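Novice: can't give you the sequence, but here's the structure:
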């Protein structure tokens with residue numbers, strides 16, 4: 001008799017580590033765990049970090065509102081989950097997520113694995129969509145129609161990324177869209193709906209984090225380049241070529257630290273934000289990875305193959321994000337204390 005796996009401990013594991021390997025036990029998960037793994041919850045942390053950055057900027061400006069921040073955090077993670085699920089749905093329908101595709105190799109696919117039926121996935125997306133609509137309606141009533149501009153731009157880019165007839169990721173624009181969504185739109189837009197104020201600083205502060213998210217996606221598309229070339233998907237690494245794409249990604253990772261330094265020098269953020277330097281060993285590791293061609297086979301025990309550059313960039317960005325948050329938070333608290 002099969003024992004169903006579930007409960008808070010299993011649900012929490014969906015958010016940490018790397019991707020869950022493809023195995024038969026995925027079908028033994030309880031419905032909540034199935035949905036969390038299907039939504040690729042391990043990557044949802046980047047949306048949570050963007051919301052926290054926006055909230056800390058509001059705190060530093062003495063305009064923080066707990067209810068608004070909580071709804072922004074929920075809304076960002078909700079939208080990201082919808083995007084992941086819809087990408088898998090359309091990728092599967094269009095035949096991109098075939099049995100030989102990287103997507104089916106590095107983790108379970110909700111539809112191809114049988115973990116979710118199309119009806120279950122559609123119901124989940126509909127429920128998440130209702131949550132997103134309710135949050136958007138609240139902020140439109142609270143902050144006015146400019147909220148719709150931010151929300152509409154974010155939804156449009158997430159839809160165009162993979163669900164539109166001509167997806168952005170198939171014409172070399174998906175990586176740029178990821179920078180815009182997780183940088184200016186989430187951080188700058190999040191700050192606006194939390195505070196009701198539209199100022200340049202949050203958009204500038206969003207740049208290092210947006211570059212980090214773009215590096216994750218560029219790394220992933222370098223890993224998948226051979227498959228994408230064979231299937232006519234012109235991601236940015238396909239357009240640029242392997243060597244140029246790896247050079248670009250090295251620049252994105254290095255650019256995160258250059259832009260933080262410029263923000264500190266200009267006084268836009270506190271000197272305490274320089275704590276991100278503690279992530280430099282992971283940044284150097286990611287850059288070193290991208291200087292060399294990917295190995296033909298994964299090391300023993302490696303989880304997530306064929307993702308290689310993606311994993312290095314994700315590991316780096318996760319630490320960078322938390323350190324960036326720590327620096328911004330410390331700067332906000334010091335500023336509040338001095339202002340007392």
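Specialist: Structure's in. What do you need? These numbers come from a predicted model, not from an experiment.

Novice: okay, which residue is most central for this structure?
Specialist: residue 46 (4.1 Å; C-alpha atoms, centre = their mean).

Novice: could you point out the helix or strand that follows the host helix or strand of that residue?
Specialist: Taking DSSP states H and E as the criterion, residue 46 maps to helix 45-60. Using DSSP H and E, the next helix or strand after helix 45-60 towards the C-terminus is helix 66-93.

Novice: tell me the buried residues in that following helix?
Specialist: 68-69, 71-92 (16 or more other C-beta atoms under 10 Å). For the C-beta atoms, the positions are set from N, CA and C on the backbone; glycine is no exception.

Novice: what's the next secondary structure element after it?
Specialist: Criterion used, DSSP H and E; the element after helix 66-93 is helix 102-106.

Novice: which residues are in contact with stretch 32-47?
Specialist: Residues outside stretch 32-47 that contact it (C-beta atoms under 8 Å, 6 or more residues apart in numbering) are 5-6, 10-11, 14-20, 26, 29, 76-77, 79-81, 84-85, 88, 107-108, 110, 115-116, 121, 124, 182, 186, 213, 216, 314, 317-318, 321.

Novice: least trustworthy helix or strand in the chain by mean pLDDT?
Specialist: Scoring the helices and strands of the chain by mean pLDDT, DSSP states H and E places helix 102-106 at the bottom, with a mean of 72.

Novice: quick one, the next helix or strand after that helix and helix 66-93 angle?
Specialist: Where DSSP H and E defines the elements, the next helix or strand beyond helix 102-106 is helix 118-143. If you take axes from the mean of the first three to the mean of the last three C-alpha atoms, to 10 degrees, helix 118-143 sits at 150 degrees to helix 66-93.

Novice: okay, helices next: where are they in the stretch 151-300 of the chain?
Specialist: 174-180, 189-195, 200-223, 225-230, 236-240, 242-265, 280-291 (DSSP state H, counting those that start in this stretch).

Novice: got TSV for these, with distance to residue 164, mean neighbour count and mean pLDDT too?
Specialist: Listed next are these as TSV, based on distance: least, C-beta to C-beta, whole Å; neighbours: other C-beta atoms under 10 Å; pLDDT from 0 to 100:
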stretch	distance to residue 164	mean neighbour count	mean pLDDT
helix 174-180	11	21	93
helix 189-195	21	26	96
helix 200-223	17	25	96
helix 225-230	17	16	88
helix 236-240	17	21	95
helix 242-265	23	18	97
helix 280-291	30	17	96
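
Novice: so which of these is nearest residue 310?
Specialist: Residue 310 lies closest, by C-beta to C-beta, to one member of the helices of the stretch 151-300 of the chain: helix 200-223, at 3.8 Å.

Novice: report all helices and strands that the closest one contacts.
Specialist: If you count contacts as 3 or more C-beta pairs under 8 Å, 6 or more residues apart in numbering; DSSP states H and E, helix 200-223 packs onto helix 45-60, helix 174-180, helix 189-195, helix 236-240, helix 242-265, helix 280-291, helix 309-339.

Novice: circling back: which strands and helices sit next to the least confident helix or strand of the chain?
Specialist: Secondary elements touching helix 102-106 (3+ C-beta pairs under 8 Å, 6+ apart): none.

Novice: from the chain's centre, how far out does that helix sit?
Specialist: 18 Å (C-alpha atoms, centre = their mean, to the nearest Å).

Novice: which residues touch residue 121?
Specialist: Applying C-beta under 8 Å, 6+ apart to residue 121 gives the contacts 38, 85, 88-89, 110-111.

Novice: out of those residues, who's nearest residue 206?
Specialist: Nearest to residue 206 out of these is residue 85 (C-beta to C-beta; 25.2 Å).

Novice: any idea how far the nearest residue to residue 159 once chain neighbours are set aside lies from residue 155?
Specialist: Of all residues not flanking residue 159 in the chain, residue 86 sits nearest, at 7.8 Å (C-beta to C-beta, 6 or more residues apart in numbering). Per C-beta to C-beta, to the nearest Å, residue 86 is found 11 Å from residue 155.

Novice: before we move on, what about residue 238?
Specialist: Residue 238 is 26 Å from residue 155, by C-beta to C-beta.

Novice: what does residue 281 give?
Specialist: Look at residue 281 and residue 155: by C-beta to C-beta, they are 37 Å apart.

Novice: what's the distance between the closest residue to residue 260 other than its chain neighbours and residue 281?
Specialist: Closest residue to residue 260 apart from its sequence neighbours, by C-beta to C-beta, 6+ apart: residue 208 at 5.0 Å. Distance, residue 208 to residue 281, by C-beta to C-beta: 17 Å.

Novice: where does the prediction get shaky in the protein?
Specialist: For the chain, the stretches with pLDDT under 70 are 1-5, 17-27, 95-100, 104, 163, 337-340.

Novice: now do 50
Specialist: Along the chain, the parts satisfying pLDDT under 50 run over 1-2, 24, 340.

Novice: coming back round to it: out of the helices and strands packed on helix 200-223, the one nearest residue 133 is which?
Specialist: helix 189-195 (14.7 Å).

Novice: now do the closest residue in space to residue 52 that isn't next to it in sequence against residue 315, distance only.
Specialist: Counting by C-beta to C-beta, 6+ apart, residue 52 lies nearest to residue 325, which is 5.3 Å off, once chain neighbours are set aside. Look at residue 325 and residue 315: by C-beta to C-beta, they are 16 Å apart.

Novice: no further questions, thank you.
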